[in-house]
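what follows is a protein structure lacking sequence information:
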């Protein structure tokens, strides 16, 4: 469940990488049609999420709307929303069951599905500095959200290590700012926001290898396959 604290983790490994577990599909690049540039999103009402948790996703969506003509509007109509966000445990009916703390963190389905599911069992860090945590099982929620939204918009994984859409990330890292590779990829699909200032998008991230609570998500080769479901698998080194 979403929290602001870190979680207990019994294993002793001090470094971990997050990998995407699955990329399925064919040969076409999925995108939202031109008639749907103001995308709506909603949260599963059964989750009872706080405004603080919802604001994390608002922030994550804003990072993508800053560089594209896309806009993202929160709606109360879950069933009618373009993008539907929910936290679930185990087998939740989409053929991609979650596996508890660590392991698979989240998965998203490419356009026009709009499904974005997160593992409710994770110890999500909603606010505060994730890089100062002393525990390795806490997950930075915004980092996951920014990456998964990239998949929701049609991006695959990137070979550029600095990119949000890079397929792995070490622990003790917060990575939420789009790199130039992310920007070029998403703009190749949707064009540029006419008000976008390239100098305002950072290509750097915070990476530390001591204490931590974030395992982020990244990746995207934008010459690729249709993404049906992409999840994160945490590999302990």
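Noted; the coordinates are in hand. Computed from a predicted model, the values in this text were never measured in an experiment.

CA only for contacts and neighbour counts going forward, please
Will do.

and the helix ranked longest in the chain, what does it pack against?
Using DSSP state H, we find that the single longest helix of the chain is helix 51-65. Applying 3 or more C-alpha pairs under 8 Å, 6 or more residues apart in numbering; DSSP states H and E, one finds that helix 51-65 contacts strand 71-74, helix 141-152.

the first one pairs with which strands?
So that's strand 71-74. Applying DSSP bridges to the sheet, strand 71-74 is found paired with strand 38-43 (parallel).

what comes up buried for the strand it pairs with?
Within strand 38-43, the residues that count as buried by 16 or more other C-alpha atoms under 10 Å are 39, 40, 41, 42, 43.

what's the closest of the residues you listed to residue 194?
The nearest member of the buried residues of strand 38-43 to residue 194, counting by C-alpha to C-alpha, is residue 39 at 18.1 Å.

ends of stretch 57-76, what's the gap?
By C-alpha to C-alpha, to the nearest Å, the extent of stretch 57-76 from end to end equals 15 Å.

actually, stretch 134-147.
Using C-alpha to C-alpha, one end of stretch 134-147 lies 24 Å from the other.

what is the mean pLDDT for that stretch?
Mean pLDDT, computed over stretch 134-147, is 84.

equivalent analysis for stretch 50-67, please.
Across stretch 50-67, pLDDT averages out at 98.

again with stretch 119-127
Stretch 119-127 carries an average pLDDT of 87.

now do the buried residues in that stretch.
Within stretch 119-127, the residues that count as buried by 16+ other C-alpha under 10 Å are 119, 120, 121, 122, 123, 124, 125, 126.

one more: stretch 129-142?
130, 131, 133, 134, 135, 136, 137, 138, 139, 140, 141, 142.

my guess is residue 145 meets residue 59, correct?
No - the criterion here is C-alpha atoms under 8 Å, and residue 145 misses it with residue 59 at 9.2 Å.

quick one: which of these two has more around it?
Set residue 145 next to residue 59 and count neighbours by other C-alpha atoms under 10 Å: residue 145 wins out with 26 against 14.

and that one, how far is that from residue 174?
12 Å.

for residue 50, same thing?
Taking C-alpha to C-alpha, one finds residue 50 at 22 Å from residue 174.

among these two, which residue is more densely surrounded?
When residue 50 is set against residue 174 and neighbours are counted by other C-alpha under 10 Å, the residue ahead is residue 174, at 27 against 9.

quick one: that one and residue 104, what's the gap?
From residue 174 across to residue 104, the span is 18 Å (C-alpha to C-alpha).

what's the answer for residue 177, then?
For residue 177, the distance to residue 104 - C-alpha to C-alpha - is 22 Å.

ditto for residue 31
From residue 31 over to residue 104 (counting by C-alpha to C-alpha), the distance is 25 Å.

residue 196 too?
Separation of residue 196 from residue 104 (C-alpha to C-alpha): 34 Å.

count of residues packed around the spatially closest residue to residue 187 that is not a sequence neighbour?
Ranked by C-alpha to C-alpha, 6 or more residues apart in numbering and with sequence neighbours excluded, the top spatial neighbour of residue 187 is residue 68, at 6.2 Å. Residue 68 has 22 neighbours, counted by other C-alpha under 10 Å.

residues contacting residue 68?
Applying C-alpha atoms under 8 Å, 6 or more residues apart in numbering to residue 68 gives the contacts 186, 187, 190, 191, 192, 193, 194, 196.

give me that answer again for 7 Å
By C-alpha atoms under 7 Å, 6 or more residues apart in numbering, the residues touching residue 68 are 187, 190, 191, 192, 193.

in a helix, the last one, correct?
Pointing back at residue 193 there. No - per DSSP: H, G, I helix; E, B strand; the rest coil, residue 193 lies outside any helix segment and is coil.
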